[in-house]
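Colleague: My questions concern the predicted model and sequence given below.
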Amino acid sequence: MAKKIQSIRGMHDVLPEQTPLWQYLEQTVRDTLARYGYQEIRMPIVEVSELFSRAVGEVTDIVEKEMYAFTDRNGDRLTLRPEGTAGCVRAGIQHGLFFNQQQRLWYTGPMFRHERPQKGRYRQFQQIGVEAFGIASADIDAELITMTANLWQELGLKNVHLELNTLGDNQSRAIYRKALIDYFSQYNEQLDSDAKNRLHSNPLRILDSKNPKMREIVANAPDLYDYIDAESKAHFTELCHRLDTLGIAYSINSRLVRGLDYYSRTVFEWITTDLGAQGTVCAGGRYDGLVEQLGGRATSGIGFAMGVERLVSLLEDQADSVALNRLDAYLIMAGEEAQLAGMQLVEQLRQALPQLRILANCGGGSFKAQIKRADKSGATFALILGSNEVRDKTITIKSLRQKVAQESIAQDKVESFLSSTI
RNA sequence: GUGGGUGUAGCUCAGCUGGUAGAGCUCCGGAUUGUGAUUCCGGCGGUCGUGGGUUCAAGCCCCAUCAUCCACCCCA
């Protein structure tokens, strides 16, 4: 045998057993987005590398060590997209979607990050992203969050909770950043290696440190909320008020700092404890400076992304998974005559009943084998066509799921029989 | 990038202090010339992840490598 070729590390096939659940999830999300008036946009998977270094931030982990970047035949530096917002903003600017307009957009597709795979984290993974442009007020923040809450309800997801924070506008964030660097620099000797690395790249991350020795230093660090501008505070208060009014529960987590540079003001995460270490199922925030930063006219924006693999994994764990993609009938054909007659009959049925899901036996096999296949297919009924039936122009219908006697009916009655049961 | 666990049939796994491989399920056929979750019988199926090394002899010991799982880091 020739050498086997395997899929690339961290990039997995979604097998037929799994796809019904994926389709169910995707369809539910699609429907929900449509009900809120969001429109789909489709972007390329490959973009110039500069787009991500400018949007996501030069010193983020994503850009520094996780990008699938390569040089194409023209010598251009290209990257397999590590996230969707940058490409969406690029497309919006390129096609003039943001000029004095509001846009509510969504997209889905694979993203790529060269990380060490683990539960809920893969090198190629699927995201569903949602972005709203041109609306600066907190009502859109509330709408997006409410929409996700409704989606969890629609999907029957339990054990997800919402965490909220505000980072202030870009200016106050810059001032706070400097204050943090000044503060931590005093303790340079006591900082662990992680903290030293982050000191000038992303000092906000030091606040997150799990090292107990660092905690004492962190405890007395400047407080983010002392640096936040009045407008951002008002924005955040307004958002919380709206969520309260809508009955959406949340907790405020002042340590919640997103890993991408473009966020400002509102950030949020939906988190579950049912998935191991990678518990964030949906996360996002406001990025009011991004459009301008990428060369468009200043436009506010806010968005989030859901991790499809993580949601699928929650759905399969959470008991009430649905019976999906069920077959209505399996056609058994015994003998040469029956095979020819059966193929004609089944095509007639498919034309007459577009909803009908019927699988016709192929590849022969004994009668017994065909019955076994019919059972295994999960079909509700077996339709049996043998020489007797061909001769009498009948078909035998056997229920595979209920203990009722099989019956033989005229072939021209099958259509009405099936249409009344599916 | 760092650490730990695991790689034996399509799937789930046995395999003793080293003596060149086994079960269950699946699939195909038969017992039952046209009736499926039961029973019985038979059959298909493996360069033991890959490459080296030690040994008279390696699935087992040693080294390397790849994949996978989990965690750290980080993130959806």
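Modeller: Noted; the coordinates are in hand.
Colleague: For the residue nearest to the spatial centre of chain A, give me its contacts.
Modeller: Geometric centre of chain A, nearest residue: A:Val308, 3.0 Å, by Cα atoms, centre = their mean. Listed by Cβ atoms under 8 Å, 6 or more residues apart in numbering, the contact partners of A:Val308 are A:22, A:25-26, A:108, A:125-128. For glycine as for every other residue, the C-beta is placed from the backbone atoms N, C-alpha and C.
Colleague: Please identify, among those, the one with the most neighbours.
Modeller: With neighbours defined as other Cβ atoms under 10 Å, the most crowded of the contacts of A:Val308 is A:Ile128; it has 22 neighbours.
Colleague: can you map out the strands along the stretch 1-150 of chain A?
Modeller: Assigned by DSSP state E, counting those that start in this stretch, the stretch 1-150 of chain A shows strands spanning A:39-40, A:46-48, A:68-71, A:77-80, A:103-112, A:124-133.
Colleague: Now stretch A:404-416 - C-alpha only, CSV.
Modeller: Only the C-alpha atoms of stretch A:404-416 are listed here, as CSV (Å, rounded to 0.1, in the frame of the first residue of the first chain):
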residue,chain,number,x,y,z
VAL,A,404,-47.3,-2.8,13.1
ALA,A,405,-48.1,-5.3,10.5
GLN,A,406,-46.6,-4.5,7.1
GLU,A,407,-49.1,-3.8,4.3
SER,A,408,-49.2,-4.1,0.6
ILE,A,409,-50.7,-1.2,-1.4
ALA,A,410,-51.1,-0.4,-5.1
GLN,A,411,-48.1,1.4,-6.5
ASP,A,412,-50.2,4.4,-7.5
LYS,A,413,-51.2,4.9,-3.9
VAL,A,414,-47.6,5.1,-2.5
GLU,A,415,-47.4,8.8,-3.1
SER,A,416,-50.5,9.6,-1.1
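Colleague: Please spell out which residues along that stretch are buried.
Modeller: A:411, A:414-415 (16 or more other Cβ atoms under 10 Å).
Colleague: Please convert the residues you listed to CSV, extending it with secondary structure, pLDDT and distance to RNA strand B.
Modeller: Compiled in CSV, the buried residues of stretch A:404-416 are given as follows (DSSP: H, G, I helix; E, B strand; the rest coil; pLDDT from 0 to 100; distance: Cβ to the nearest atom of the strand, whole Å):
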residue, secondary structure, pLDDT, distance to RNA strand B
A:Gln411, helix, 95, 13
A:Val414, helix, 95, 14
A:Glu415, helix, 95, 19
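Colleague: burial of the closest residue to A:Arg401 other than its chain neighbours, as a residue count?
Modeller: Counting by Cβ to Cβ, 6 or more residues apart in numbering, A:Arg401 lies nearest to A:Thr380, which is 5.7 Å off, once chain neighbours are set aside. By other Cβ under 10 Å, 18 other residues sit near A:Thr380.
Colleague: sorry, back to before: for RNA strand B, see how far away the residue nearest to the centre of chain A is.
Modeller: 8 Å (Cβ to the nearest atom of the strand, to the nearest Å).
Colleague: Likewise for A:Arg373?
Modeller: 6 Å.
Colleague: what helix or strand does that residue sit in?
Modeller: Here A:Arg373, judged by DSSP states H and E, is contained in helix A:367-377.
Colleague: Buried residues in that helix, which are they?
Modeller: Quick answer for helix A:367-377 (16+ other Cβ under 10 Å): A:370-371, A:373-374, A:377.
Colleague: Tell me the gap between it and the middle of its chain.
Modeller: 37 Å (Cα atoms, centre = their mean, to the nearest Å).
Colleague: Stretch A:128-142 too?
Modeller: 18 Å.
Colleague: do the same with stretch A:295-313
Modeller: That offset, for stretch A:295-313, works out to 10 Å (Cα atoms, centre = their mean).
Colleague: Ok, stretch A:242-251 next?
Modeller: Between the centre of stretch A:242-251 and the centre of its chain there are 23 Å (Cα atoms, centre = their mean).
Colleague: Identify the residues contacting it?
Modeller: Residues contacting stretch A:242-251 (Cβ under 8 Å, 6+ apart): A:138-139, A:141-142, A:145-146, A:149, A:161-164, A:240, A:268.
Colleague: Can you say which of those are buried?
Modeller: Counted by 16+ other Cβ under 10 Å, the contacts of stretch A:242-251 give A:138, A:141-142, A:145-146, A:149, A:162-164, A:240, A:268 as buried.
Colleague: Alright, calling it a day.
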